[in-house]
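Undergrad: Quick one, what's the 3D model for this:
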Amino acid sequence: MADQTHVLFVEDDDVIREATQLALERDGFAVTAMPDGLSGLEAFRADRPDIALLDVMVPGLDGVSLCRRIRDESTVPVIMLSARADSIDVVLGLEAGADDYVTKPFDGAVLVARIRAVLRRFGHAGGNDRTEVVEDPVSGGVLAFGDLEIDTEGMEVRRAGVPVGLTPTEMRLLLEFSSAPGTVLSRDKLLERVWDYGWGGDTRVVDVHVQRLRQKIGQDRIETVRGFGYKLKA
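TA: Residues are numbered from 1 along each chain as shown. All right, here's what the predicted structure looks like:
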């Protein structure tokens, strides 16, 4: 397991859990599968997986609450799985700290592609994939925007001298904005650059992450350009 990407998979449906576990293992992942949120939290703390796949509706501790607990302890990537494309499910999961979501029923190849896309952003190829890690869009030096400082080499952010804790996805999003301050970046462009989507994605993923980023670096730091996207105030 040391050389494999370790996936924590929490799903209460026995058929889906077993079939998905087998599919992921065939693709080279090591999988710990749990049927409920409480056992999933115990497994997370015991094994410290590389990525967590959490179904929204699981007993004991629902997926959204489990995501919050994981995010309190770690920046490990999290993908939420939902049987509905319901806005509430999606937004709650993302607001809890998830990096992406996949709607059930899902194609195994699509799920693997989404897992690998997330892992590449976190500097881990995953499974049998040997794709090179995507380079950071900005390198060298410290960028300053008012009281906000971004150390692009140390991957650290400070606001008024106080360190700001960002998840890797939030950091990549901020780096994209800081690479072109004052330039409007569309949601589709951000999905392509930050989430590594080579296909259309749900722009709510971008909107919620921008909202989370604003809460950490200042609500007025990132401006909404209605009908076009977002930009970092120069």
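Undergrad: what's the weakest-modelled helix or strand in this protein?
TA: helix 87-95 (a mean of 84; mean pLDDT, DSSP states H and E).
Undergrad: Keeping just the C-alphas, turn that helix into CSV.
TA: Taking C-alpha atoms only, helix 87-95 is exported to CSV below (Å, rounded to 0.1, in the frame of the first residue of the first chain):
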residue,chain,number,x,y,z
SER,A,87,-28.2,22.3,-5.2
ILE,A,88,-28.5,21.9,-1.5
ASP,A,89,-26.4,18.7,-1.5
VAL,A,90,-23.8,20.1,-3.7
VAL,A,91,-23.4,23.5,-2.0
LEU,A,92,-23.5,22.0,1.5
GLY,A,93,-20.7,19.5,0.6
LEU,A,94,-18.5,22.2,-1.0
GLU,A,95,-19.1,24.6,1.9
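Undergrad: Now that helix: buried residues?
TA: Neighbour-count burial for helix 87-95, counted by 16 or more other C-beta atoms under 10 Å, picks out 89-94. For every residue, glycine as well, the C-beta is placed using N, CA and C.
Undergrad: Give the residue spans of this structure that score low on pLDDT.
TA: Scanning the chain with the threshold set as pLDDT under 70 gives 1-2, 85-86, 124-140, 198-201.
Undergrad: So which residue is smack in the middle of it?
TA: Asp99 (1.9 Å; C-alpha atoms, centre = their mean).
Undergrad: rewinding a little: if we take the buried residues of helix 87-95, which one ends up nearest to Ala30?
TA: Proximity of the buried residues of helix 87-95 to Ala30, judged by C-beta to C-beta, is greatest for Gly93, which lies at 24.1 Å.
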